[in-house]
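Asks: okay, predicted coordinates and the sequence, questions at the end:
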There are 2 protein chains.
Amino acid sequence: MRPAELIRYSVLAAQREGNRWLSRALRELELTPSASEVLRILGDDGPLTLSGVGELLVCESGTNPSRLVDRLVDAGLVARVPAPHDRRQVQLSLTAEGRAVEAQVREVEATLYSRIDAALEGVDAGSVIELLRRLSDGQPSGHALANRVGVERSIP
Amino acid sequence: MRPAELIRYSVLAAQREGNRWLSRALRELELTPSASEVLRILGDDGPLTLSGVGELLVCESGTNPSRLVDRLVDAGLVARVPAPHDRRQVQLSLTAEGRAVEAQVREVEATLYSRIDAALEGVDAGSVIELLRRLSDGQPSGHALANRVGVERSIP
DNA sequence: AATCATTTAATGACATGACATGTATATCAC
DNA sequence: GTGATATACATGTCATGTCATTAAATGATT
C-alpha cells in the first residue's frame, strides 16, 4: 500500500473513531458531535447569524446548518431571534441552559485533547498539522478551520 | 488553540474535503466513496461474505454494510449468492461490469493519491501515519485498516 | 434429540452530510 | 420607483453512519 493510500485511510479511520468516541462521551449530555460544535462556536463567538455559524463549522460544509440548529433550539439550548435590521437573518445565541451544557462540552473536549496529546508522544505534530492543513486548504472546511483559528486570535 | 484541538479539526476537515473530492470524481461512475471502497475490497480480496467485507471496510464500523451492498447488487456490480455450507452467509463477488467499474475506480484513486503525494512535500509522512494509526488503534476502523494492509501483504 | 447460545444478515430509527431547490427579503441598476 | 439580482434561510432528497432489534441458521450443551 503506497503511503498516500495509507494516509487516506488513516485519516478516515481517525476521524471515524474520534467521532465515535465523542458521540459516546456526549451521549449523557444528549448531544451529537455536530451539535456540540455549534454550542462551542456560539459560546466562543456568539451571537452569530446562521451563516456566521456555518462559516465556522468544520463538521459541515457550511451550506446550511438550519436543521442542526433546529434541534438545539428545540432542546432549549440556543435562542433564535430574527435580526432587527435584516429580516432575512436570524441571530443565534446560547440560552442559560445552553451555556451550562457548553461548559460540560468543554470538559469532554479536554479529555479528548488529552488523549490526542498522549498519541502525539514522539511524533512531529508540525508535520501532521501541515499535511492536514494542505489537504483542506482552499476548501470550505479549510476556510472554516482558518476562521476558527483566526477568530480565536482576534479576541485579545 | 492547543495543538490537539487543531489536529482534531484538521483531521475532520481533511476527511470531509477528501470525501467531497472523491464524491465528485466518482459521480460520473455513479458511485459513492463508500460504494467504491466495497468494489475495491471485492476486487482485491473477493469473494467475501458480508461480514468479511465489513472487517475490511474503513468507511463504516463494519457492523452492517447490508444496505451499502444492496445498492451495488441493484446496480449490477456485485453478485450476492447464498453460501452453500452455511445458509446464514452470503458470498459477495464482483460481476463483469463490477470489475470494469472497479478498474475505473483505481484510476480515480490514483489521481487522489497523486494529490496526497503532492501535499506530502516536505512533511514527515511517518509522523502523520503513526499519529493517525494511534488514534484508531484498537477500534473497528483501526482493525479494518490493519486487515487491509495485512491482506495485501498476505497475497504474495 | 431438545434447548439454549452464538453467529450472520437484514431491518428500524435517528441524525448527519452533501447537493439542489424554493421562498422571503434586501440591494442594485436603471 | 420598478424590475432584476443577490442574499439568507428553509426544505427536499439521497446515501450514509451508528446503534439497536429482529430473524434465521448453526453450534454447543445436556
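Replies: Yep, it's here.
Asks: need the nearest residue in space to the residue positioned nearest the centre of chain A, chain neighbours excluded.
Replies: In chain A, the centroid-proximal residue (C-alpha atoms, centre = their mean) is residue A:37; its distance is 3.5 Å. In space, not counting the residues next to it along the chain, residue A:37 is nearest to residue A:59; the distance is 5.2 Å by C-beta to C-beta, 6 or more residues apart in numbering or on different chains. (Glycine included, C-beta is placed from N, CA and C.)
Asks: give me the element residue A:52 is part of.
Replies: Per DSSP states H and E: residue A:52 is located in helix A:50-54.
Asks: please state the offset of that helix from the chain centre?
Replies: Helix A:50-54 has its C-alpha centroid displaced from the chain centroid by 12 Å (C-alpha atoms, centre = their mean, to the nearest Å).
Asks: I'd like the average pLDDT over that helix.
Replies: For helix A:50-54, mean pLDDT rounds to 91.
Asks: same for it, what does it pack against?
Replies: Judged by 3 or more C-beta pairs under 8 Å, 6 or more residues apart in numbering or on different chains; DSSP states H and E, helix A:50-54 is in contact with helix A:33-45, helix A:66-74, strand A:90-94.
Asks: looking at these, which is buried most?
Replies: Mean neighbours per residue, mean count of other C-beta atoms under 10 Å in any protein chain shown, is largest over the helices and strands packed on helix A:50-54 for helix A:33-45, with a mean of 22.
Asks: which other residues reach it?
Replies: By C-beta atoms under 8 Å, 6 or more residues apart in numbering or on different chains, the residues outside helix A:33-45 that reach it are A:19, A:22-23, A:26, A:29, A:31, A:48, A:52-53, A:56-60, A:65, A:68-69, A:71-72, A:77-78, A:92-94, A:98-99, A:101-102, A:105-106, A:108-109, A:148, A:151-152.
Asks: now the buried members of those residues.
Replies: Taking 16 or more other C-beta atoms under 10 Å in any protein chain shown as the criterion, what is buried in the contacts of helix A:33-45 is A:19, A:22, A:26, A:29, A:31, A:48, A:52-53, A:56-60, A:65, A:68-69, A:71-72, A:77-78, A:92, A:94, A:98, A:101-102, A:105, A:108-109, A:148.
Asks: near DNA strand C, from the residues you listed?
Replies: Among the buried ones among the contacts of helix A:33-45, the residues within reach of DNA strand C (C-beta under 7 Å from any atom of the strand) are A:19, A:59, A:60, A:68, A:71.
Asks: could you pull out the helices for chain A?
Replies: Applying DSSP state H to chain A gives helices spanning A:3-27, A:33-45, A:50-54, A:66-74, A:96-119, A:125-136, A:140-154.
Asks: could I get those helices as CSV with distance to DNA strand D?
Replies: Formatted as CSV, the helices of chain A follow (distance: least, C-beta to the nearest atom of the strand, whole Å):
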stretch, distance to DNA strand D
helix A:3-27, 4
helix A:33-45, 10
helix A:50-54, 3
helix A:66-74, 3
helix A:96-119, 15
helix A:125-136, 17
helix A:140-154, 14
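Asks: closest to residue B:119 out of those helices?
Replies: Residue B:119 lies closest, by C-beta to C-beta, to one member of the helices of chain A: helix A:125-136, at 4.1 Å.
Asks: if we can go back for a sec, shouldn't the residue nearest to residue A:37 be in contact with residue B:12?
Replies: Yes - between residue A:59 and residue B:12 there is a contact under C-beta atoms under 8 Å: 6.4 Å.
Asks: what does chain A put close to DNA strand C?
Replies: Applying C-beta under 7 Å from any atom of the strand, we find that chain A lies next to DNA strand C at A:19, A:32-35, A:59-61, A:63-64, A:67-68, A:71, A:86-88.
Asks: quick one: least confident of the residues you listed?
Replies: Least confident entry in the residues of chain A next to DNA strand C, by pLDDT: residue A:61, with 61.
Asks: wait, which of the helices of chain A is closest to residue B:143?
Replies: helix A:3-27 (9.2 Å).
Asks: ok, back up a step: where's the residue nearest to the centre of chain A relative to residue A:86, distance?
Replies: Between residue A:37 and residue A:86 the distance is 25 Å, computed by C-beta to C-beta, to the nearest Å.
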